[in-house]
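> give me a 3D structure for the following:
(one chain, ligands or ions: 2)
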Amino acid sequence: QITACLFDLDGVLVDTAVYHYKAWRDLANSLGIDFTEEDNERLKGVSRVRSLEIILEIGGQTLDQEKMLALCEQKNTEYLKDVAQMTPAEILPGVVDFLKTLKQEGMLIALGSASKNAQLILERTGLLGYFDAIIDGRHVINGKPDPEVFLKGAEALGVQPENCVVFEDAVAGVEAAKNAGMRCVGVGEPETLAMADIVVKDMTEMSVARLRELGQK
Ligand code: G16
Ligand code: MG
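Ligands and ions are numbered 1, 2, ... in the order given. Next up, the predicted model:
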């Protein structure tokens, strides 16, 4: 039986990937590295430092720790300029209706995101009030596919992993959910998210009936 829903942020509730991409591309270009939208897929759900490591790998470059932290800081400053302009209009389709329904049904709701800016983004988009617990990049040592972020979410809600459903758009995130022993709804393409129990295009396809069905699986 499902009693709690754990949501990833970027790609599930809002599309911050476009802002991450813009900021990383500019930074990569300033280092003389070409960085395409296809390359950007590899950064989804991945931590900030790991994202930079991937970009440097693409460019065949290495930098010392100090320089890397400075570049991460620089990227985040640019990214936050876009986040500051975000509004509730950027919430992805079906999200608000589904969260409202979950509340009415007495479901517990948590956030499980790699982002250190997650709380700020929830505030900007007016989603913060729906969440009973927030676990994000500030609370987690091991990034997805490690299950830490979702296990901490379940713990914060006082719920067992087998009673949780995770909503994820990233392959690493689906793996993290499965590693946590949770059900997982993939958000995106079935071919990419084959490990998920079911895959939806977006939250307009979700309902309490589908959650119950998932609980029987
Ligand atoms: C998000 C994005 C990732 C980003 C990560 C860290 O994860 O998908 O691309 O690198 O957050 O973000 P920040 O630099 O804000 O700490 P998620 O888990 O919400 O999909
Ligand atoms: Mg995501």
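
> next, count neighbours for residue 34.
Using other CB atoms under 10 Å, the number of residues around residue 34 comes to 10. Backbone N, C-alpha and C define where each C-beta goes, glycine included.

> measure the residue nearest to it when sequence neighbours are not counted to residue 81 for me?
With CB to CB, 6 or more residues apart in numbering as the criterion, residue 34 has its nearest non-adjacent residue at 7.2 Å, and that residue is residue 28. Distance from residue 28 to residue 81, counting by CB to CB, to the nearest Å: 18 Å.

> so for these two, which sits in the more crowded spot?
Neighbour count, other CB under 10 Å: between residue 28 and residue 81, residue 28 has more, with 23 against 11.

> against ligand 1, how distant is the more buried one?
From residue 28 over to ligand 1 the distance is 14 Å, taken as CB to the nearest ligand atom, to the nearest Å.

> what do you get for residue 6?
As judged by CB to the nearest ligand atom, residue 6 and ligand 1 stand 11 Å apart.

> near ligand 1, which residues of this structure?
Residues of the chain lying near ligand 1 by CB under 6 Å from any ligand atom: 8-11, 20, 43-48, 51, 76, 113-117, 137, 170.

> circling back to that earlier point, check contacts around the residue nearest to residue 34.
34, 35, 55, 58, 59 (CB atoms under 8 Å, 6 or more residues apart in numbering).

> one more: residue 154?
Here residue 154 is in contact with 4, 6, 110, 160, 161, 163, 164, 180, 182 (CB under 8 Å, 6+ apart).

> out of those residues, which is most surrounded?
Ranked by the number of neighbours (other CB under 10 Å), the contacts of residue 154 place residue 6 first, at 31 neighbours.

> assign that residue to helix, strand or coil.
Here residue 6 is recorded as strand under DSSP: H, G, I helix; E, B strand; the rest coil.

> pLDDT wise, what is it at?
Listed pLDDT for residue 6 reads 98.

> how about residue 181: what's its closest non-neighbour residue?
That would be residue 161: by CB to CB, 6+ apart, it lies 4.3 Å from residue 181.
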